[in-house]
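1. from the sequence below, what's the structure:
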Amino acid sequence: MRQQINLYQDSLIDRPQPLNLKQVGFLFVLLCGLLSVISLYDFWTLNASLEELTSLQSQRDLLSAEVVQLSEQYPAPQKDAQLEADIATAEQKLAAQNQMLGYFSSRDEQINASILDILDGLARHRLEGLWLEKIHLAAGGNDILLSGAALTPEHIPLYLQTLASADVLDGQVFSRLKLARLSERPGQVTFSLESVSGEY
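-> Next up, the predicted model:
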């Protein structure tokens, strides 16, 4: 004879017990406390962010005011026409000096010494009322062209006598003299002196 036991009786099944009122109240208080902590943290974070934003805005305003003050104190630079003209003149002089240095560096020392002696003599023996505007030396100083201007035509032979007495142009014979009067300056003349073999 087989006996069967019914294990599915209601008395043998574990059923979850419902929470009582105290437990529900405790969970509710715990949940409220947790929400309060989260709210307080969010409020503190937001407040710190607002303070930082306010500080940054204040710094921005101060920097903006400083920029305006500096822009009024130091206006934008403007081009100076006189300064640009001076720079252009200096650049032209520098180019001329570089050209002169290149001229001498390509010649031997004896020719350089001869040309430098002539230039030195012309610089040392000047005549009041006459000025040179162009000096052309070729063939080691044997071919010469001098051109410039004078207050009167009589200044030119006086100048040549001065150079001859100082042996500046020793052995040079000028074969061509060109004179031209300046219409805008009565009495003044321009001149050009060329040596015998000079072709310019």
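2. where does Gly148 land on pLDDT?
-> Note for Gly148: predicted pLDDT of 90.
3. so what's it closest to, chain neighbours aside?
-> Leu132 (4.1 Å; CB to CB, 6 or more residues apart in numbering). For glycine as for every other residue, the C-beta is placed from the backbone atoms N, C-alpha and C.
4. also Gly121?
-> Val168 (3.2 Å).
5. follow-up on the earlier one: run the chain-centre distance for the helix or strand harbouring the residue nearest to Gly148.
-> Here Leu132, judged by DSSP states H and E, is contained in strand 130-138. In this view, strand 130-138 has its centroid 36 Å away from the chain centroid, taken as CA atoms, centre = their mean, to the nearest Å.
6. give the partner strands of whichever helix or strand comes after that strand in its sheet and their orientations.
-> Using DSSP H and E, the helix or strand that follows strand 130-138 towards the C-terminus is strand 143-150. According to DSSP bridges, strand 143-150 forms sheet pairs with strand 130-138 (antiparallel), strand 189-195 (antiparallel).
7. what does the longest one rub up against?
-> Taking contacts as CB atoms under 8 Å, 6 or more residues apart in numbering, the residues outside strand 130-138 that touch it are 115, 118-119, 122, 143-151, 155-156, 158-159, 198, 200.
8. chain center to stretch 69-77: distance?
-> Distance, centroid of stretch 69-77 to centroid of chain: 19 Å (CA atoms, centre = their mean).
9. and stretch 144-163, by the same measure?
-> That offset, for stretch 144-163, works out to 45 Å (CA atoms, centre = their mean).
10. quick one: end-to-end length of that stretch, please.
-> Using CA to CA, to the nearest Å, the end-to-end distance of stretch 144-163 comes to 13 Å.
11. ok, stretch 149-159 next?
-> 12 Å.
12. for this structure, which segments count as helices?
-> Using DSSP state H, the helices of the chain run over 21-73, 81-105, 109-124, 155-165.
13. among these, which is the most enclosed?
-> helix 155-165 (a mean of 15; mean count of other CB atoms under 10 Å).
14. so which elements touch that one?
-> strand 130-138, strand 174-181, strand 189-195 (3 or more CB pairs under 8 Å, 6 or more residues apart in numbering; DSSP states H and E).
15. can you lay out the ones you listed as TSV showing mean pLDDT?
-> Below are the helices and strands packed on helix 155-165 laid out as TSV (pLDDT from 0 to 100):
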stretch	mean pLDDT
strand 130-138	83
strand 174-181	81
strand 189-195	86
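16. which one of these lies nearest to Val37?
-> strand 130-138 (96.3 Å; CB to CB).
17. ok, back up a step: buried deepest among the helices and strands packed on helix 155-165, which one?
-> Greatest burial across these, using mean count of other CB under 10 Å, falls to strand 189-195, with a mean of 19.
18. mind checking how far that strand is from the chain centre?
-> 44 Å.
19. what about the residue nearest to Gly121, neighbour count?
-> 19 (other CB atoms under 10 Å).
20. I figured it hits His125, correct?
-> Yes: if you go by CB atoms under 8 Å, Val168 and His125 touch, sitting 5.9 Å apart.
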